[in-house]
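Chemist: just need the structure, nothing else, for what follows:
(one chain, ligands or ions: 1)
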Amino acid sequence: MNNEETTLYERIGGEDAITGMLDSFYKKVTTDPELSPYFKNVPMDRLQRMQREFFSSATGGPIKYSGRPLAHVHHPLAISSREFQRFTQHLIETLQEKGIDEQDVLDVIARVNLYADEITNDTTVDG
Ligand code: HEM
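Modeler: Below is the predicted model of the structure:
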């Protein structure tokens, strides 16, 4: 159901669903040969905790993001638009595998895309 009384957070299944989803998602990202080098020396515990907060708050859930500003964290990494798109593609596939409603998948991606400029360092379409 896609009515306006539920948040996206509720529709995708709340905190437990987000935790499970991020586990699968990070397996894909960290085994993708184009993306894995970024995560080589990163403490994944903190990253996943921060990502959980971020996704919960970005989908209208009750949790506040307490991490560093996204541009501050990502701009020094020099991530291209192409890499951002691969990252997003893994997210789409994860949500589809979890059986999330098609419209909700599109809504999650639309919200994530709002942060593209904070994540990437270029403005070209294909990076
Ligand atoms: C919309 C997409 C993205 C979101 C919402 C996002 C979100 C986050 C968050 C919340 C953190 C934790 C910040 C903190 O520790 O305070 C983080 C860290 C990180 N992200 Fe992203 N991220 C995105 C895309 C990407 C992409 C495309 C890459 C690389 C291909 C990437 C690589 C990293 C790395 C390496 C860190 C750890 C940095 C460090 O601890 O020094 N992120 N991200």
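Chemist: give me the pLDDT value at the closest residue to G20 other than its chain neighbours.
Modeler: Excluding its sequence neighbours, the residue lying closest to G20 (CB to CB, 6 or more residues apart in numbering) is K98, at 7.3 Å. No exception for glycine: its C-beta is placed from N, CA and C like everyone else's. At K98, the pLDDT value in this model is 94.
Chemist: number of nearby residues for K98?
Modeler: A total of 15 residues lie near K98 under the criterion other CB atoms under 10 Å.
Chemist: ok, it to the ligand distance?
Modeler: To the ligand, K98 is 18 Å away according to CB to the nearest ligand atom, to the nearest Å.
Chemist: ok, that residue - contacts?
Modeler: Applying CB atoms under 8 Å, 6 or more residues apart in numbering to K98 gives the contacts I12, G13, A17, G20, M21, S24.
Chemist: what helix or strand is F84 on?
Modeler: Per DSSP states H and E: F84 is located in helix 81-97.
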